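Visitor: Compute the structure for the input listed below.
(one chain, ligands or ions: 1)
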Amino acid sequence: MKRKYFGTNGIRGIVGDLITPSFVSKMSSAIASCMLDKGTMIVGMDSRLSSPDFKNIITTSFLSNGIEVIDIGKVPTPLLQFAVTHLKADMGIMVTASHNPPEFNGIKVIDSDGIEIDTQKQIAIEQVFEEENFHFIKQQINQQVVKMDVSPVYIEQIINLVDSDKIEKKKLSVVVDGGNGVGSLITPSLLQKLGVRVYGVNCQLDGRFPGRGVEPVPEKLDFMNKVVTSVGADYSIAHDGDADRAIFGDNKGQIHYGDRSIALFERWVLSQNNNKKFVTPISSSSVMIDVIEQEGGEIFWTPVGCIYVSRTMIENGCILGGEENGGLFYSPHQSVRDGMMAAALMAEILANSEKQLSKLLEEFPQYFQKKTKITCEENIKEDVMQEIVNNVEGVEEIITIDGVKLLFPDGWALIRPSGTESIFRIFVEAQTAEKADLLMKNGLKLVRNAINKFSK
Ligand code: MG
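Guide: Predicted structure coming up:
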């Protein structure tokens, strides 16, 4: 059975279109039915205007299934994930559409280990949903909603995992752009407790996200950069709507998208620990490999998607994971991406360095990336990928865990089928812009020839 509603990160859609009160009621009844009237569920929500209503609907569905509900209010997704394991709950539901625009909402379903549920469980839920095979308790027991604030223990755990004395002595100042989302509730107070001077930008919760939009894309972070240079801050951090991601800017007001900040975390964490196992999706930059080679570490490649990074970390006992979109996973805290943990780790890195962030990031080699997409019918995608593997020349290694990744001596190309659209996405990376252009030209030719062979 193919999934109809669950995507890479839970269920998302436009409110009033896919995401309606009746849809959320039915879907949460389906999820609760899979728990068969026992256990505890933790519910939380982001700052969207529609989130409180949907949270109430979900709560009612679970109570009607005889399941205890702990409501932890407005929280970042990583805090909800922490709460599930910390309180030993059986499941968590986060009402959020992450970085999607304000008109969207959705749910992320969290398993008892704090990670989003796997595909098998998603399919089981969708089956109950489609067949309306709900399981309600016959006799109403007096289940109550318990309200709880888990943020103090969550903040305390993060503080205990970094060198708080050293951070306090360094007297850092940091600009936090909360993007009007729930990260605003935690990151500023976490950093303040570490003795950091915090300048908040867009840190008022507002479900219309009027500040700079929900997604922390570099072109929307000009104001944050200006504040950095005008107050002389050491770094800046911008979260997405549910704060599982963090994008960093340096002391010069320059944004460094995920790959480069993740490389900095990678170098720091691997140099400080005997565990040098690092996990990243195959779309990540070669800068990750450079650090692994310098630190004598081991790299684990995964398909694109945070759930694969989390599960690979747990299966192989890895210490760190990172995604180019600004997702940082640090297993001593939890093996899920966590924007607040990233904020504190960055403070620790700078507290231990004589250099400013801009200087530290300059030490990594510059790579040139290009991206494009090409239309391809769904039914020939598998054949096209096989044809590419058969025909490519001059390649050193081929990785096929998610699309086809071709590693050449001086760069790589990744050809990935989209899970939702009839297209292939093509990414290339090389040490020079000219080489990246050439890789893209050759990659496109390879894909076009393969598509032509199988198109009718
Ligand atoms: Mg997110």
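
Visitor: How about the helix or strand hosting I107 and the ion, touching?
Guide: Assessed by DSSP states H and E, I107 sits inside strand 104-110. No. Contact of strand 104-110 with the ion (Cβ under 5 Å from the ion) is absent, the minimum separation being 8.7 Å. Quick note: C-beta positions are derived from backbone N, CA and C, even for glycine.

Visitor: export stretch 123-141 as CSV, just CAs?
Guide: Extracted as CSV, the C-alpha positions of stretch 123-141 are listed here (Å, rounded to 0.1, in the frame of the first residue of the first chain):
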residue,chain,number,x,y,z
ILE,A,123,0.6,2.8,6.4
ALA,A,124,-1.2,1.0,9.3
ILE,A,125,-2.7,4.3,10.4
GLU,A,126,-3.8,5.2,6.8
GLN,A,127,-5.5,1.8,6.5
VAL,A,128,-7.6,2.4,9.7
PHE,A,129,-8.3,5.9,8.3
GLU,A,130,-9.5,4.7,4.9
GLU,A,131,-11.6,1.8,6.3
GLU,A,132,-12.9,4.0,9.2
ASN,A,133,-12.1,1.1,11.4
PHE,A,134,-11.9,3.2,14.5
HIS,A,135,-11.7,1.8,18.0
PHE,A,136,-13.5,3.8,20.6
ILE,A,137,-13.9,2.8,24.3
LYS,A,138,-17.4,1.8,25.1
GLN,A,139,-17.5,2.9,28.7
GLN,A,140,-16.4,6.4,29.3
ILE,A,141,-13.6,6.5,31.9
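
Visitor: Can you tell me which helices and strands the strand holding I107 packs against?
Guide: strand 11-14, helix 21-33, helix 51-64, helix 77-86, strand 91-95, helix 119-131 (3 or more Cβ pairs under 8 Å, 6 or more residues apart in numbering; DSSP states H and E).

Visitor: For it, list the C-alpha coordinates in CSV.
Guide: Extracted in CSV, the C-alpha atoms of strand 104-110 (Å, rounded to 0.1, in the frame of the first residue of the first chain):
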residue,chain,number,x,y,z
PHE,A,104,-0.6,25.4,6.1
ASN,A,105,-0.9,23.1,9.1
GLY,A,106,-0.2,19.5,9.8
ILE,A,107,0.9,16.9,12.3
LYS,A,108,4.1,15.0,13.1
VAL,A,109,3.6,11.7,14.8
ILE,A,110,6.3,10.8,17.2
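
Visitor: Now do the nearest residue to P76 once chain neighbours are set aside against the ion, distance only.
Guide: Distances taken as Cβ to Cβ, 6 or more residues apart in numbering place A243 nearest to P76, at 3.5 Å, with adjacent residues excluded. Relative to the ion, A243 is positioned 7 Å away (Cβ to the ion, to the nearest Å).

Visitor: And A243, how far from A343?
Guide: Computed as Cβ to Cβ, to the nearest Å, the A243 to A343 distance reads 9 Å.
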